[in-house]
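*Asks:* structure for this input, please:
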Amino acid sequence: MKSERIFDYVRDVDTALIINGGENQIDKTFFYITGAKSGIFEGSALFIRPDEVKIITSELEEQAARETGYDVIIFKTRDEFNEIIKKIFENHTNIGINYSAVSLEQYKNILKIIPDKEFIDISQSILEARKIKEDDEISKIREAAKIASDSLEDVIPKIREGMTEIELAAEVVYAMMKNGASGESFSTIVAFGKNSSMPHYFPGKTKLKKGDFVLIDYGAVYQRYCSDTTRTMVFGRASEEQKEIYEIVKRAQHESMIKIKENVNGRDIDKIARDIIDSTKYKGRFIHSLGHGVGLDVHDHAALSPSYDFVLKSNMVVTDEPGIYVPDVGGVRIEDDVLVKKDGYEQLTTSTKDLIEL
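*Replies:* Predicted structure coming up:
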């Protein structure tokens, strides 16, 4: 049970409180534990023990909560919520809290409700549990990856001269929703021409013209789990420089990805890709880490980075996304979601990596 796993890396605590604030203060661990398919669960909480989960929520989310199969306690007012928390934790002294997901205001409120407790940070234990995906999680990520890959095929024929980056981003999101996504993993990035040299560019009103790079970084959400993939194309015939940049990035991704397997250090995988790029005239133009974990959050955890000592384990899902970014010229990034296995890997996103000239 996931409720057991979150206690694996802590001592002296076997009871936890997961608490949600407003819409922008939702702890994804709430959904990791409950598997709730619907609902936002603002202002809700979980009482967790290794063999027990209770959902404390309002009438607004009662139906979604009961569909999980866990015990549900309903409150109608904040005073009722406070009394429920007080009563349910009254016989527990040490209580685990996910400090990384609790605001200072939330923490102060918890202290007011149950002031006589010893609160223990279990955020690292939760993170360790969430890094290694269970079969149901892998199935959802695999479907999210399929939706993203299929959607690109649907979008490519709609790319036309004169369309704006915002228009293409809208086509990408529409295709993902039509193919079964509940939403996008993050705000879709579409960058034309020199704008593609900015890794976290926001799409604007730039219009597509011949010779432009077309970089699309996007992901689908399926039953709350994310995918994250990037493809870079050229509108019209690619120049020799564009082809050169693309092939270097493609090789960097291939050579690094084939080394992914259990017990390999993510820092070493990053180095493979970085050394390939730095051996060319584009040295220093790979300006971010090679990859990150994917799960309930699109950036679930750090993974493949030159500055992070991270040993890969079977059933982790990470991205492999080398890039070259040249200001005033453009950039190329190729990104895929990869499932780590004992003796290798499985690439979950499947769009072609051949250079497409539109």
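*Asks:* got a list of what the residue nearest the centre of the chain touches?
*Replies:* Nearest residue to the geometric centre of the chain (C-alpha atoms, centre = their mean): residue 298, 1.1 Å. Going by C-beta atoms under 8 Å, 6 or more residues apart in numbering, residue 298 touches 185-186, 219, 226, 228. (Each C-beta comes from the backbone N, C-alpha and C, glycine too.)
*Asks:* residue 339 is in contact with residue 262, correct?
*Replies:* No - when contacts are counted by C-beta atoms under 8 Å, residue 262 is not listed as touching residue 339 (11.0 Å).
*Asks:* can you pick out the residue with more neighbours from the two?
*Replies:* residue 339 (21 against 16; other C-beta atoms under 10 Å).
*Asks:* got the contact list for the strand or helix carrying that one?
*Replies:* For residue 339, the host element (DSSP states H and E) is strand 336-341. Contact partners of strand 336-341, identified using C-beta under 8 Å, 6+ apart, comprise 138, 141-142, 145, 227-229, 253, 257, 260-262, 291, 294, 312-321, 345-349.
*Asks:* which among these count as buried?
*Replies:* 138, 141-142, 145, 227-229, 253, 257, 260, 262, 291, 294, 312, 315-321, 345, 348-349 (16 or more other C-beta atoms under 10 Å).
*Asks:* which of those residues fall within strands?
*Replies:* 229, 291, 317-320, 345 (DSSP state E).
*Asks:* okay, those residues in TSV with distance to residue 168 next?
*Replies:* Putting these into TSV (distance: C-beta to C-beta, whole Å) gives the following:
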residue	distance to residue 168
229	15
291	25
317	27
318	27
319	22
320	24
345	30
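*Asks:* specify which member of the contacts of residue 298 is nearest to residue 176.
*Replies:* Closest approach between the contacts of residue 298 and residue 176, by C-beta to C-beta: residue 219, at 8.3 Å.
*Asks:* what about that closest one, how many neighbours?
*Replies:* Residue 219 - counted by other C-beta under 10 Å - has 27 other residues nearby.
*Asks:* ok, now which ones touch it?
*Replies:* So residue 219 contacts 144, 148, 184-186, 226-229, 298 (C-beta under 8 Å, 6+ apart).
*Asks:* over to it: give its phi and psi.
*Replies:* phi -160, psi 150 (degrees, to the nearest 10).
*Asks:* and the longest helix seen in the chain with strand 336-341, angle?
*Replies:* Among the segments of the chain that qualify as a helix by DSSP state H, the longest is helix 135-155. Here helix 135-155 points in a direction 150 degrees away from that of strand 336-341 (axes from the mean of the first three to the mean of the last three C-alpha atoms, to 10 degrees).
*Asks:* who touches helix 135-155?
*Replies:* By C-beta under 8 Å, 6+ apart, the surrounding residues in contact with helix 135-155 are 35, 133, 168, 171-172, 175-176, 178-181, 185, 216, 218-227, 229, 231, 294-295, 315, 317, 337, 339, 348-351.
*Asks:* now do the buried residues in it.
*Replies:* Of all the residues in helix 135-155, those buried under the rule 16+ other C-beta under 10 Å are 137-138, 140-152, 155.
*Asks:* how far does that helix sit from its chain's centre?
*Replies:* In this view, helix 135-155 has its centroid 13 Å away from the chain centroid, taken as C-alpha atoms, centre = their mean, to the nearest Å.
*Asks:* same question for stretch 222-235.
*Replies:* Distance, stretch centre to chain centre, for stretch 222-235: 11 Å (C-alpha atoms, centre = their mean).
*Asks:* do stretch 61-73 as well
*Replies:* The answer for stretch 61-73 is 26 Å, by C-alpha atoms, centre = their mean.
*Asks:* give the buried residues for that stretch.
*Replies:* Using 16+ other C-beta under 10 Å as the test for burial, stretch 61-73 gives 61, 64-65, 68, 70, 72-73.
*Asks:* so which of the residues you listed are in helices?
*Replies:* 64-65.
*Asks:* now for the buried residues of stretch 61-73, which pair is the farthest apart?
*Replies:* 64 and 73 (14.3 Å).
*Asks:* going along the chain, name the helices of this protein.
*Replies:* 2-5, 29-34, 62-66, 78-88, 104-113, 123-131, 135-155, 165-178, 240-257, 266-278.
*Asks:* single out the most deeply packed of those.
*Replies:* Mean neighbour count (mean count of other C-beta atoms under 10 Å) peaks for helix 29-34 among those, with a mean of 23.
*Asks:* give me the contact list for that helix.
*Replies:* In contact with helix 29-34 (C-beta under 8 Å, 6+ apart) are residues 2-3, 6, 18, 20, 36, 41, 44, 46, 48, 53, 55, 65, 68, 70, 98, 101, 126, 129-130, 224, 296.
*Asks:* ok, stretch 191-205 next?
*Replies:* Under C-beta under 8 Å, 6+ apart, the answer for stretch 191-205 is 164-166, 168-169, 187-190, 206-209, 211-215, 232, 235, 287-288, 323, 325-333.
*Asks:* ChimeraX command for the buried members of those?
*Replies:* Typed into ChimeraX, the line below selects the buried ones among these, using 16+ other C-beta under 10 Å:
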select :164,165,168,169,188,189,190,206,208,212,213,214,215,232,235,323,325,329,330,331,332,333
